[in-house]
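# sequence and predicted model, in that order:
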Amino acid sequence: MKNETHPIQVILYEGDGAQPLAASERFAVFSQLLDKGYAVMRVTAEKARLESPGVGIPLVVIGNFGGTAPALEDAAGQIEITTHDIGGLAPDAVLDLIEQGRVADQRGLNQPGVSGMWKPWFPVIDYDRCTNCMQCLSFCLFDVYSVDDNQKIQVKNQDNCKTNCPACSRVCPEVAIMFPKYAAGPINGDVVNQVDLEREKMKVDISSLLGGDIYSRLRDRSEAAKSRFSKERSPDKALDERKRCLTKLQQSGIIPAEVLAELDLASLPSPEEIQRRAAEAAAKAQAAREAAGTA
Amino acid sequence: MKILYCRCAFAQVVPQETKDAVLEKLCESGASFETVSDLCEMAARKDDRLKELLGDGETPVKIAACYPRAVKWLFHNAGVPFPQEEGKVEVLNMRDQSAEDIVNELTGN
Ligand code: SF4
Ligand code: SF4
């Protein structure tokens, strides 16, 4: 699940009028808040100015103000500011104070380590490498990719992506798809070398074989026995077909076994739908090449 | 100069010792700095603050996060490309570099 609300911006104010915290306390406050999903800024005397986090993002200013926190207000009235004196509070108590305020104000926050929260796992395109070939768009079964108004590939639905599945990065012939939270390079964004490039090109052949497998089976059926096929067709058979294709993908190592294990096969698009998408992707790729004058 | 630190809180891909050591040293320094829980998560939401984090495009920004290629395109794909001028944004890689090197680069020692 993706959190659509703007997280709260916390500012640790240590400029004029506030006593700086001890370095160890400062570290504890920062690390605890960060590990709970907050963004935290430190403002010191060297830069004693509160920067706006942006319209609509509430600001919580904390500091050792000597007993009373100053009342702050955004002159333009666009930012909601809360202040707290944290003098004498242990770092855990600072976190509690901020959490309580957030809950009381009914503000959502995507929190690391909390079950049901969305783990930011999604593809990131390196446009210095991407050739707009649309392989990723035709490969992904979950509508993560799309094209913009200029027919350029883009990642549209990040939160549709299956956590820990880097499969589409492996079908990209240009090694242009990264998953920053992946363990190994170059998928994690590490520099791409010639060996990677050769290996990735080989994987594309594997995926086109798998794709060919799905499509040729469909083609044979539709040409040789269109009517019989439609009568014979049952939800169970469609499911079996998808299972077989997915098993092949699993054997090839393109999709990790644990990702496949969690997939709800019944919710996957039908082979016809996959074929329709592939045709659509091919048309989009052609349109993109024509627009770029490389058709 | 602006300093930005990413905690990478939703995954264990950045070594804990490195991210702790970098934050610890920043906290010991006299510098003002900004920290975020997870740049990837903000980029996925196209958080308005990404623009604020990069600043006006004139002030140099140093980001302690992960692979520079990943961070550059995360911002770009969230609609906030790095400034055209080379070197305005420098990404330091906590997955690969030592905490000491990163802190020296961040604080200009
Ligand atoms: S498969 Fe790779 S090169 Fe092709 S459109 Fe997708 S990201 Fe670009
Ligand atoms: S940008 Fe890099 S360091 Fe930051 S959250 Fe993403 S993967 Fe982690």
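Looks like it came in fine. Ligands and ions are numbered 1, 2, ... in the order given.
# and the residue of the stretch 101-250 of chain A closest to ligand 2?
residue A:180 (3.5 Å; Cβ to the nearest ligand atom). For glycine as for every other residue, the C-beta is placed from the backbone atoms N, C-alpha and C.
# and residue 33, how many neighbours?
Reading this off chain A. Using other Cβ atoms under 10 Å in any protein chain shown, residue A:33 has 25 neighbouring residues.
# actually, chain B is the one I wanted.
Applying other Cβ under 10 Å, I find that residue B:33 has 23 neighbouring residues.
# show me the contacts for it.
By Cβ atoms under 8 Å, 6 or more residues apart in numbering or on different chains, the contact set of residue B:33 is A:41, A:42, B:2, B:3, B:4, B:5, B:26, B:106.
# in strands only, show me the residues you listed.
Of the positions in these, A:41, A:42, B:2, B:3, B:4, B:5 sit in strands, assigned by DSSP state E.
# check these one by one and keep those near ligand 1.
When contact is defined as Cβ under 6 Å from any ligand atom, the ones in strands among the contacts of residue B:33 do not meet ligand 1 at all.
# TSV for those residues, including distance to ligand 2?
TSV is the format used below for these (distance: Cβ to the nearest ligand atom, whole Å):
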residue	distance to ligand 2
A:41	17
A:42	18
B:2	16
B:3	15
B:4	10
B:5	9
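# from those, which single one is nearest residue A:272?
When the ones in strands among the contacts of residue B:33 are compared for distance to residue A:272 (Cβ to Cβ), residue B:4 wins out at 47.4 Å.
# in the sheet, who's paired with that closest one?
residue B:34, residue B:63 (DSSP bridges).
# what about it, how many neighbours?
23.
# residue contacts, it?
Counting by Cβ under 8 Å, 6+ apart, residue B:4 makes contact with B:33, B:34, B:35, B:36, B:53, B:61, B:62, B:63, B:64, B:65.
# just put those in a markdown table and tack on pLDDT.
Shown next, in a markdown table, are these (pLDDT from 0 to 100):
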| residue | pLDDT |
| --- | --- |
| B:33 | 95 |
| B:34 | 96 |
| B:35 | 97 |
| B:36 | 97 |
| B:53 | 92 |
| B:61 | 96 |
| B:62 | 97 |
| B:63 | 98 |
| B:64 | 98 |
| B:65 | 98 |
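# where's the closest residue to residue B:79 other than its chain neighbours, which helix or strand?
Nearest in space to residue B:79, with sequence neighbours left out and distances taken as Cβ to Cβ, 6 or more residues apart in numbering or on different chains, is residue B:46 at 5.8 Å. For residue B:46, there is no helix or strand it lies in under DSSP states H and E.
# next, work out how far apart residue B:46 and residue B:28 are.
Separation of residue B:46 from residue B:28 (Cβ to Cβ, to the nearest Å): 34 Å.
# and what of residue B:62?
From residue B:62 across to residue B:28, the span is 17 Å (Cβ to Cβ).
# so for these two, which residue has more residues nearby?
More crowded of residue B:62 and residue B:28, by other Cβ under 10 Å: residue B:62, with 19 against 15.
# what sits against the more buried one?
By Cβ under 8 Å, 6+ apart, the contact set of residue B:62 is B:1, B:2, B:3, B:4, B:89, B:90, B:92, B:105, B:106.
# can you flag the buried ones in those residues?
Neighbour-count burial (16 or more other Cβ atoms under 10 Å in any protein chain shown) is assigned, among the contacts of residue B:62, to B:2, B:3, B:4, B:89, B:92, B:106.
# adding pLDDT, write the ones in strands among the contacts of residue B:33 out as TSV.
Shown next, in TSV, are these (pLDDT from 0 to 100):
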residue	pLDDT
A:41	95
A:42	95
B:2	93
B:3	96
B:4	97
B:5	98
